[in-house]
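**Student:** sharing a sequence plus its predicted fold:
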Amino acid sequence: MPDESRLDQLREEAWQKGAVTGRGVDIAGGPIPRKLATASPSGGGPGYYGQPVVKPPVWTWEIPVYFFVGGFGGMSAVIALAAAIFHHVDLVHTAMWVAAIAAILSPLLLILDLGRPHLFINMLRVFKPQSAMSMGAWILTGFGACVVPGLIALELHVHQVFGGTVDQLLRVAAGVLMFGSAFFGMLLATYTGVLIGATAIPAWFLHRTLLPIHFGTAGLGSAAALLELLGHRIAALNFIGFYAAGIETVLLIWLSLDKHGAADRAIHEHRSGWLIRIGEIFNGPLALILRFFGLVPFAAISFLIGALVSRFGWIAVGKVSGSDPESVFAAERY
Amino acid sequence: MPGLGTSFGRGGATTAQQDLANADCILIEGSSMAEAHPVGFRWVMKAKERGATIIHVDPRFSRTSALADIWVPLRAGTDIAFLGGLVRHLIENNLFFREYVVPYTNASCILSDEYRDPEGNGDGYFSGWNEEKRAYEGDSWLYKGGDLSRPERDLTLQHPQCVFQKLKRHFSRYTPEMVEKICGIPPELFHKVADALVAASGPKKTAAVCYAVGWTQHSKGVQIIRAAAILQLLLGNIGRPGGGILALRGHASIQGSTDIPTLYDILPGYLTMPHKGDQTLQQYLDTYTKKTGLWSGYPKYMVSTLKAYYGKRATAKNDFGYSWLPKLTGNHSFFEFLYDMLDGKMEGMFLMGQNPAVGAPNSRLQRKALSKLKWLVVRDMVEIESANFWRESPEIDRGELKAEDIETEVFFFPAAGHAEKEGAFTNTQRLLQWREKAVDPPGDCRSEAWFMHQLALRLIAKAKASDDSIDEPLRALDWWYPEDELGDPKTEAVLTEINGWYTDPVAGVGDSSGNESVVFGIDREGNPHHGKQVNGFAELKADGSTASGCWIYSGVLGRDGVNKANSRKSKDYLGHGWGFAWPGDRRIIYNRASARPDGSPWSERKKLVWWDWDSDKWTGIDVPGFVKGKPPDFEPEVGAEGLDAIPGDAPFTLHEDGLGWLFVPKGLQDGPLPTHFEPLESPVSNELYSHNTNPPEHWIGTRHRAMQSFHLC
Amino acid sequence: MIGEGTKSTNQRRHSYVQEHVEVGFFTDPTVCIGCKACEVACKEWNHVPDDGFVWSGNSYDNTGHLGASTWRHVMFVEQDRQKGNQIVGSHSLGNGDGEDPFRWIFLSDVCKHCEDAGCLEACPTGAIVRTEVGSVLVQNDVCNGCGYCVVSCPFGVIDRRPKPLPDAGGAFKCTFCYDRQKSGLVPACAKVCPTESIVFGRLDDLRARATHRVQELHEHGYDDAQLYDPRETSVGGIHAFFLILGEPEAYGLPPKPQVPTIYLKSAWTAAFATAIAAIIATLLAFAFFS
Ligand SMILES: Nc1nc2c(c(=O)[nH]1)N[C@H]1C(S)=C(S)[C@@H](COP(=O)(O)OP(=O)(O)OC[C@H]3O[C@@H](n4cnc5c(=O)[nH]c(N)nc54)[C@H](O)[C@@H]3O)O[C@H]1N2
Ligand SMILES: Nc1nc2c(c(=O)[nH]1)N[C@H]1C(S)=C(S)[C@@H](COP(=O)(O)OP(=O)(O)OC[C@H]3O[C@@H](n4cnc5c(=O)[nH]c(N)nc54)[C@H](O)[C@@H]3O)O[C@H]1N2
Ligand code: SF4
Ligand code: SF4
Ligand code: SF4
Ligand code: SF4
Ligand code: SF4
Ligand SMILES: [Mo]
């Protein structure tokens, strides 16, 4: 019983000197934990006992998956439009299917994450340009409203279900809706960067320009990779693959150069830092090299893994950064 | 509270919490006021915002210390040495408020030649020590000549036998260096406190002292409070706004439960419980009545109390039923009856709103004692440890007690909470506040009043059915209280009785008659029960024509029929118009001292009560605590009695001499002046005397007093 | 004169809601006694659920921080510095016996009801609104629990209430006792505060009072007393502002809080640029490689 003997020591000391110096005794089974030993103005941890200054995100796995799905879905619609312009009919078909599935999955994921899923429709009560979440809701709505009927129109047209003027109208409608899908799709893939960039979380807002670039590009690359894996091994997609992986490589370099000390250490340290790094390596340099050596399917898989992992990484970064009082202090003094 | 009572006359806080806001310095010692009295502490903070210095003297650094300007850590149990040091500092450096001290305290009174203090040859003993009885015989402590009413005085304070010189000598060794040795307070810190107090003394400034269980729960609590009283008298802080001593009471209505006592040795209004020797009423009254001062009215208060107890059956012929009162045969304080319980001398007990199995000292002993009872009635809102000790307690767990061996039959009654019953609380500043019932109690829960009332009715009925003479006191009780729908007695009817009335019933009146001066005038049989209300204790008589359940509360429900405890419109900062403060709605007692001897205020800033030469009466913000028309220059006639014997410049009218007692010539067992002794359990030897502990403090005395003060917290 | 200046401001009835007067809280730690009555009153009045009894070991603070079920939070800051001219024990007399000075500060934290509120701007459902008295209110029947306000509050105030607490899933924070205010009552926390450490009142009055108090404290040796009311940042001031001793960091308060909407411009620019770059890249890919 080391504590008991320390108690005796303390008694002895009190008796001899009338005062006690040094450490006391941890009461076994006592309810009060010992204070952290970290030196700081308030004794335990930076700031106020190391308590977070801002609140970390409450979001769970649905949100990073949604970012991923929305990313490749949105950009699929872009690819579909380009493919249509350049008459890659099969690709248009697959890309629209991918976009449509994403358009259905995305809101489901979003709703799943809500604290009160039954009230999801309240998102459409207001239109609020200053809220990226509100804009996102409308973008997603617009995307769904274009992609799903667009796909239906496309299918009806392709399969020549109707003839004559109806078919002509369907063709026009499919074209217009695909145009719309591409429009909303590119916003869908990029707005998520704005969503987390324009918050109070230091590691996020410090990278508010990088985030949309990363999310959008990763979306584009993922869409291309997915379509390649679905059998469309064409040079155009390969080029997009190069483009996306190239940009991601640049972003990796940017991220590793653009350090803000304690403010964004969540990106460079901890598990969150590893997630970001692994993600960026997979969809940046690794995908690039694999593609360079013509290992297209591997490059595609690598990119997709990277894109997914880095989305999880960014949410993890938000949680770490949001819980770290010093990151807020550093960001604001910065 | 003998500490305050012997120093000033009344055992209550001398001031109101609100008044702390007017202090220029507040000394909090023996209380963690911010933590245990947060709402009262509001006024301390107000004072601080207005520039007052807050001092906290406490072994622990608590939230109170965090808010204080000066925190003085001292070794527990050494308060007398510290306060004594301050007293010495004031005297030696001539820093006391002489203009106040000379006329208003007994500093100038000449003591008997036999008086010897513990200094020098006394070595810790005052004169009068009887080694055989191990107790003091206090006659040598009286003023010269033995008469407390007309002391011989030396207003120059030079006479070698005068209180001032004795005080000076008594504390002469309590130097800052001695304070450092005993309390562990370095001289610089001591001087910080002394300077702050001195700076807040005089005609324009005042300082207040607050204390609570850090003093009262010491065996020598009374003497610590005495030391504070001496300090405050020397600084001229009693009876003045922003001054005073605020005893912080603990539980709700603890003040109330000493005023109308739950203590075994006093009757309502601090009348003494008759002892075995006090055979007849006359004998009793002769013993406790004082010739001069307010206590000269003792027979009026006592007879009115008896009339309240026994109604018509109390007559001059039968000593107003005095013989029916139980007489004390010994010490029946908390610990004494605990031992009786352990010894199987006590059969049963009622526990109402107390949980000794966890709250009282040595809870193991408590629980073991409970297990020796035949029956135990517990009234509480939840099944507390004192009710289920027989099946769930550490003793049962350890196998020290076995449920099957315990014969105690426990009756558990569900109690109504405070929102579920009406009645009054008397708070720390002697303020009665009435509370209405918010909701009916759920199910079978009932108030304490209901329980006592129903129990009384049943016991009285049983007594009436018997002819045993031991049941006579029960048969004699005047149990007249009307009931409400739940069977609760109407508590306002109880309050009318506490206030008091003329006993002659007025025919044909009741509360509906329109004669408002007779309140609840009808008894349980529908007959007229009593006459009009009295308007205050001044109207009480010793001839049986008045009754009052607690003379000091008289005035709370007077002839206007208004329950003043229930008034809720305060007119001034002292809160007049909100509740009722005893005595006579005075918020700061002894407030005659807030004026100079000539009747004018000490200063414009500290104006409270003064003599108005135009109308020839005392007037002011507070209710004057003095005979209204007695001019400041009033000189009593030789041989005058009662209040007529009190001069116009003597504010402490409960004392025979009307003075504040720096030195207590009568009323204390362990010495007329506080003296530093180590606490019983102290491992340290006494720096001042060769005895470590106070001579009369043999251990029974100690636990008696410790428990007594426990009841008062 | 005796009794002067003892009148309470927290007990008055008012009709600020009807009169559309901007109101706020001024919280003064130099008179706070750390009694937590404000925390308790807030829970009681607003039926905020109990969120567990946990010993933190951090001074007397067992609540930790503001959150969905803690709308008032009393902080217990321990520092190795002197509080004004305060003397705590002999060592603060400067007799150099090697002991460190220390001070213990209590401060009751609450939602700041920002002039430009991150939570309100971010809310996609319009659940968060500004009231007639200038406070920021979450309408709980509208909130769908998206959690966006949580990351948009620069003060870390609002939070989503986790299961299994009652009303879980919604975002909660101080309502400024809007219900009480509508009936002319003072918010529960201010009403019970025994020392008026929390003062409720008209914003303009409070700001004047606060400035005066800081001056007063400076005169009394509290050199590091300052107001925490970030008016020069994009938040534009807060309606529940504080007097603090020392730096905001020690209280877990952000030194230069910004409302996140200021980041929108650069983020959206990057988003549009990326989108357009993606379109161009895709078109180029098909144009040159098909
Ligand atoms: N929060 C809360 N408030 C309460 C109660 C409660 O249970 N909780 N209970 C109520 C009751 S019943 C009571 S009696 C009161 C008690 O009210 P207080 O007496 O104000 O409360 P305590 O914290 O017991 O304070 C006693 C202080 O005396 C100090 N002390 C101990 N020994 C000595 C000594 O020898 N000298 C000096 N100078 N100081 C000493 C202790 O360190 C402690 O700070 O509180 C009432 N208020
Ligand atoms: N270690 C330690 N022990 C202490 C103290 C200390 O400081 N330290 N302080 C001491 C002091 S100062 C005190 S006052 C005592 C307090 O000791 P207790 O008085 O025994 O303690 P409480 O638990 O406050 O109150 C007893 C019961 O009253 C019940 N009650 C409340 N309202 C009502 C009512 O209207 N009717 C009825 N019938 N019951 C009611 C409550 O439910 C509770 O169970 O503890 C003492 N013990
Ligand atoms: S009596 Fe009640 S309101 Fe007053 S301080 Fe104590 S707990 Fe608080
Ligand atoms: S402090 Fe946070 S929760 Fe409160 S109004 Fe400001 S942004 Fe909203
Ligand atoms: S959680 Fe509720 S209050 Fe917060 S932003 Fe979402 S909908 Fe608005
Ligand atoms: S204003 Fe009302 S809701 Fe806000 S902290 Fe105070 S009591 Fe709670
Ligand atoms: S109620 Fe007032 S004094 Fe008590 S902790 Fe809250 S702010 Fe401080
Ligand atoms: Mo107590």
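**Tutor:** Here it is on my side, so go on. Residues are numbered from 1 along each chain as shown, chains lettered A, B, ... in the order given. Ligands and ions are numbered 1, 2, ... in the order given.
**Student:** got any ranges where chain C has weak pLDDT?
**Tutor:** C:1-6, C:94-100, C:290 (pLDDT under 70).
**Student:** could you chop it up by domain?
**Tutor:** By the record's domain assignment, chain C is partitioned as C:12-258, C:259-290 (automatic domain parsing).
**Student:** wait, B:Leu457 touches B:Trp480, no?
**Tutor:** No. Applying C-beta atoms under 8 Å, one finds B:Leu457 not in contact with B:Trp480, separated by 11.2 Å. For glycine as for every other residue, the C-beta is placed from the backbone atoms N, C-alpha and C.
**Student:** tell me where the stretch 201-334 of chain A has helices.
**Tutor:** A:202-205, A:210-229, A:235-257, A:265-268, A:270-281, A:287-292, A:296-323, A:325-333 (DSSP state H, counting those that start in this stretch).
**Student:** so for ligand 7, which of these sits nearest?
**Tutor:** helix A:325-333 (22.3 Å; C-beta to the nearest ligand atom).
**Student:** in contact with the closest residue to B:Ala194 other than its chain neighbours, which residues?
**Tutor:** The shortest distance from B:Ala194 to any non-neighbouring residue, by C-beta to C-beta, 6 or more residues apart in numbering or on different chains, is to B:His89 (4.9 Å). Contact analysis of B:His89 by C-beta atoms under 8 Å, 6 or more residues apart in numbering or on different chains lists B:95, B:176, B:190, B:194.
**Student:** C:Gly24 in helix, strand or coil?
**Tutor:** strand (DSSP: H, G, I helix; E, B strand; the rest coil).
**Student:** elements contacting the host helix or strand of A:Gly185?
**Tutor:** Using DSSP states H and E, A:Gly185 maps to helix A:164-197. Counting contacts by 3 or more C-beta pairs under 8 Å, 6 or more residues apart in numbering or on different chains; DSSP states H and E, helix A:164-197 packs against helix A:62-85, helix A:89-113, helix A:132-158, helix A:202-205, helix A:210-229, helix A:296-323, helix C:264-289.
**Student:** could you confirm whether the longest one reaches ligand 4?
**Tutor:** Which is helix A:296-323. No. Against ligand 4, helix A:296-323 shows no contacts by C-beta under 6 Å from any ligand atom, the least distance being 13.5 Å.
**Student:** those residues of chain B touching ligand 2, which are they?
**Tutor:** B:213, B:250-251, B:352-356, B:359, B:379-382, B:384, B:415, B:417-418, B:448, B:713.
**Student:** try it again at 8 Å.
**Tutor:** B:213, B:217, B:250-251, B:254, B:352-356, B:358-361, B:379-382, B:384, B:386, B:413, B:415-418, B:421, B:447-448, B:710, B:713 (C-beta under 8 Å from any ligand atom).
**Student:** returning to what we had before: in TSV, list the contacts of B:His89 along with distance to ligand 8.
**Tutor:** Below are those laid out as TSV (distance: C-beta to the ion, whole Å):
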residue	distance to ligand 8
B:Leu95	35
B:Pro176	34
B:Phe190	30
B:Ala194	31
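**Student:** tabulate these (a markdown table), appending pLDDT, distance to A:Leu195 and secondary structure.
**Tutor:** Shown next, in a markdown table, are the contacts of B:His89 (pLDDT from 0 to 100; distance: C-beta to C-beta, whole Å; DSSP: H, G, I helix; E, B strand; the rest coil):
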| residue | pLDDT | distance to A:Leu195 | secondary structure |
| --- | --- | --- | --- |
| B:Leu95 | 97 | 72 | coil |
| B:Pro176 | 97 | 69 | helix |
| B:Phe190 | 97 | 65 | helix |
| B:Ala194 | 98 | 66 | helix |
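**Student:** which one of the residues you listed is nearest to ligand 1?
**Tutor:** Closest to ligand 1, out of all of the contacts of B:His89 and judged by C-beta to the nearest ligand atom, is B:Phe190, at 14.1 Å.
**Student:** and that closest one, what does it touch?
**Tutor:** Here B:Phe190 is in contact with B:72, B:82, B:85, B:89, B:176, B:179-180 (C-beta under 8 Å, 6+ apart).
**Student:** same check, this time on B:Asp523
**Tutor:** B:480, B:529.
**Student:** do that again at 10 Å, thanks
**Tutor:** B:311, B:478-482, B:505, B:510, B:529-530 (C-beta atoms under 10 Å, 6 or more residues apart in numbering or on different chains).
**Student:** gap between the two ends of stretch B:367-382?
**Tutor:** From its first residue to its last, stretch B:367-382 covers 18 Å (C-alpha to C-alpha, to the nearest Å).
**Student:** about what we covered before: so which of the domains of chain C gets nearest ligand 2?
**Tutor:** domain C:12-258 (17.5 Å).
**Student:** and the closest one, how far out from the chain middle?
**Tutor:** Computed by C-alpha atoms, centre = their mean, to the nearest Å, the chain-centroid distance of domain C:12-258 equals 4 Å.
**Student:** thinking again about what came up before, intersection of neighbour lists for B:Leu457 and B:Trp480?
**Tutor:** B:489, B:524.
**Student:** by neighbour count, which of the contacts of B:His89 wins?
**Tutor:** If you count neighbours using other C-beta atoms under 10 Å in any protein chain shown, the busiest of those is B:Phe190, which has 23 neighbours.
**Student:** check contacts around the residue of the stretch 201-334 of chain A with the smallest separation from ligand 1.
**Tutor:** Closest to ligand 1 within the stretch 201-334 of chain A is A:Pro325: 31.1 Å, counting by C-beta to the nearest ligand atom. By C-beta under 10 Å, 6+ apart, the contact set of A:Pro325 is A:40, A:45-54, A:262, C:156, C:249, C:252, C:254.
**Student:** look up the closest residue to it, ignoring the ones flanking it.
**Tutor:** A:Gly47 (3.7 Å).
**Student:** which residues touch the one you found?
**Tutor:** With contact taken as C-beta under 10 Å, 6+ apart, A:Gly47 is in contact with A:40-41, A:53, A:324-326, A:328-329, C:247-254.
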